[in-house]
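Participant: my questions concern the predicted model and sequence given below.
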Amino acid sequence: MNFPDNLKYTNDHEWIRVEGDMGWVGVTDYAQGELGDVVFVELPAPGTKVQKGKSFGTIEAVKAVSDMFAPVSGEVVEINKDIQSSPEKVNKDPYGAGWFLKMRVANPAELGELLDVNAYKKLVAK
Amino acid sequence: MKKTPFTEIHRSLGAKLVEFAGFEMPVQYSGIIDEHLAVRNRVGVFDVTHMGEFIVRGKDAAAFLQKMTVNDVSKLYEGRVQYSAMCYDNAGIVDDLLIYHCGDHYMLVVNASNAKKDFDWLTSHLEGDVTLTDRSDEFSLLAVQGPQSLATLKKITDVDLSAMEYYHFKTGRLAGEEMIISRTGYTGELGFELYFRWDDVAAKKVWDAIFAAGKELGITPIGLGARDTLRLEMGYCLYGNDIDQTTHPLEAGLAWITKMNKGDFVGKSVMAKAKAEGLRRSLVGFTLSEKAVARHGYPLMANGSEVGHVTSGTFSPSLERAIGLGYVSTGNDREGNTITVGIRGKEVPATIVKIPFLNKS
């Protein structure tokens, strides 16, 4: 399993990569493995305000549907339209081509509440 | 948790193992869509050893089964298999099952999660010269399914498989093991099911021989995840989802196996009454055109009110859209009719379509 160390992680198995006040969000390699084949991804429209810990979209895999929770609060700036036509990218490249959305981080202090790579590895090993 | 003789093979192949009906079973190997398409296009192997096998013998065995099951057992002859169901007195379904006519006895193949309940139900109705034995722990069961299944198995048996018709079986040796080879399956593809002794050495020998024979044909191990998507594309019922003790065969689309004219059987009078009064609901197939998946338990709506519920739903890897089965009230069940599925508070349009979803001919 792949755990990039330049990301922050959540207990809900999402990641966020921060550059300046922008964050890119997706699900982890562990999450995509647990979900199985992703077939549809429902994302909020750009401009939507999301709140840390609240559901902002859903992932439909063949077997089940899962909610996605915002890792931090902010505003959606862009969504990855590619995964709406090619949802298998979420399984194949969860940290790259399978990203979900780009958001403007409202409160950088919230980032400090997320897991670093070692804490996330421990969570998954449980 | 019980293991099958193949469980360690699944583990070594990297399968994701889950608990199912008390067994540790593979839910997927490479991924459900991959495995699904392998069965539709090539050949796949399923471990379905968890299924239950009962032996029924005795002078009155045929009469007993005729009373306990909905299909006409008198139509069976040695080497013939029949799909059937057992009902409670109120016509609710105990289980769906296969009945094998093995000459001097019958073999019943039942769902793993129902095996104990089925055995108790049958036992409580025994009369005359009938013995019922649970031999579930004595049979390994592999299903080899897909257009290349025949070409695969032909290489490792002398039994003439090409001549075997659908829902027929023979006994003979395959990979050096004595077994029942049955032209049956739960996928809608050309396929065979192999019943042989529950034994680790025999299991490995047969598994390895099948995979060696199928290697050049692209053979793949298949988990329970793809088993479910494959059966759903064919509109086959799954006990616990589409049929259970609250549904009777006629409303479940199983009128074709329910022989109302064969004489008396358990559940018949209630179904006769339901039929005379007009069925209140029926199991239908539907597809969604939007990017959403209907799941078990979601409401089905028409004109703003609930008219039924989803019993099975998934993304169809062959059709690349969401498909589902569900009960809808009479009047809303016509093919071509548009209803909606309540998906997380949203009404998503669904069109009622003919089952099977996938036209194999």
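Facilitator: That came through, no problem.
Participant: export only the CA atoms of the strand ranked longest in chain B, formatted as CSV.
Facilitator: Ranked by residue count, the top strand of chain B under DSSP state E comes out as strand B:305-316. This file holds the C-alpha atoms of strand B:305-316, laid out as CSV (Å, rounded to 0.1, in the frame of the first residue of the first chain):
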residue,chain,number,x,y,z
SER,B,305,-45.8,7.8,-3.4
GLU,B,306,-44.0,4.6,-2.5
VAL,B,307,-45.0,1.6,-4.6
GLY,B,308,-42.4,-0.8,-3.6
HIS,B,309,-38.7,-1.3,-2.7
VAL,B,310,-35.4,-2.4,-4.2
THR,B,311,-34.3,-5.9,-3.4
SER,B,312,-31.0,-6.1,-5.3
GLY,B,313,-29.1,-3.4,-7.1
THR,B,314,-25.7,-2.9,-8.5
PHE,B,315,-23.7,-1.4,-11.4
SER,B,316,-23.8,-3.8,-14.3
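Participant: strands paired with that strand, and their directions?
Facilitator: Paired neighbours of strand B:305-316 in the sheet (DSSP bridges): strand B:299-302 (antiparallel), strand B:321-329 (antiparallel).
Participant: tell me who's in contact with the residue most central in space within chain A.
Facilitator: In chain A, the residue lying closest to the centroid (Cα atoms, centre = their mean) is A:Gly26, at 2.4 Å. Counting by Cβ atoms under 8 Å, 6 or more residues apart in numbering or on different chains, A:Gly26 touches A:Glu14, A:Trp15, A:Val90, A:Pro94, A:Tyr95, A:Gly98, A:Trp99, A:Phe100. C-beta coordinates here come from the backbone N, C-alpha and C atoms, glycine included.
Participant: pretty sure the second one is in contact with A:Leu7, am I right?
Facilitator: If I follow you right, that is A:Trp15. Yes. Applying Cβ atoms under 8 Å, one finds A:Trp15 in contact with A:Leu7, separated by 4.3 Å.
Participant: more crowded one of the two?
Facilitator: Just comparing A:Trp15 and A:Leu7: by other Cβ atoms under 10 Å in any protein chain shown the higher neighbour count belongs to A:Trp15, 28 against 22.
Participant: mind checking the SS state of the more buried one?
Facilitator: At A:Trp15 the chain is in strand, as set by DSSP: H, G, I helix; E, B strand; the rest coil.
Participant: distance of it from A:Tyr120?
Facilitator: Note on A:Trp15: its distance to A:Tyr120, by Cβ to Cβ, to the nearest Å, is 8 Å.
Participant: mutual contacts of these two, please.
Facilitator: In contact with both A:Trp15 and A:Tyr120: A:Tyr9, A:Thr28, using Cβ under 8 Å, 6+ apart.
Participant: and the residue nearest to the centre of chain A, its phi and psi?
Facilitator: phi -160, psi -170 (degrees, to the nearest 10).
Participant: just the element for the residue nearest to it when sequence neighbours are not counted, please.
Facilitator: Using Cβ to Cβ, 6 or more residues apart in numbering or on different chains and skipping the chain neighbours, the partner closest in space to A:Gly26 is A:Trp99 (4.4 Å). Using DSSP states H and E, A:Trp99 is not contained in any helix or strand.
Participant: A:Trp99: what's it in contact with?
Facilitator: A:Trp99 touches A:Trp24, A:Val25, A:Gly26, A:Asn80, A:Ile83, counting by Cβ under 8 Å, 6+ apart.
Participant: just these: which are in strands?
Facilitator: Per DSSP E, the subset of the contacts of A:Trp99 in strands is A:Trp24, A:Val25, A:Gly26.
Participant: distance to B:Asp104 and pLDDT added to those residues, as CSV?
Facilitator: Below are these laid out as CSV (distance: Cβ to Cβ, whole Å; pLDDT from 0 to 100):
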residue, distance to B:Asp104, pLDDT
A:Trp24, 69, 98
A:Val25, 66, 98
A:Gly26, 62, 97
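Participant: next, the residue nearest to the spatial centre of chain B: secondary structure please.
Facilitator: Ranked by distance to the mean C-alpha position of chain B (Cα atoms, centre = their mean), the top residue is B:Tyr186 at 4.9 Å. Three-state call for B:Tyr186 (three-state DSSP): coil.
Participant: residues near the nearest residue to it once chain neighbours are set aside, how many?
Facilitator: Computed as Cβ to Cβ, 6+ apart, the closest residue to B:Tyr186 that is not its neighbour in sequence is B:Arg231, at 4.8 Å. Neighbour count for B:Arg231, taken as other Cβ under 10 Å: 19.
Participant: which stretches in chain A count as helices?
Facilitator: Assigned by DSSP state H, chain A shows helices spanning A:29-35, A:82-85, A:88-92, A:117-125.
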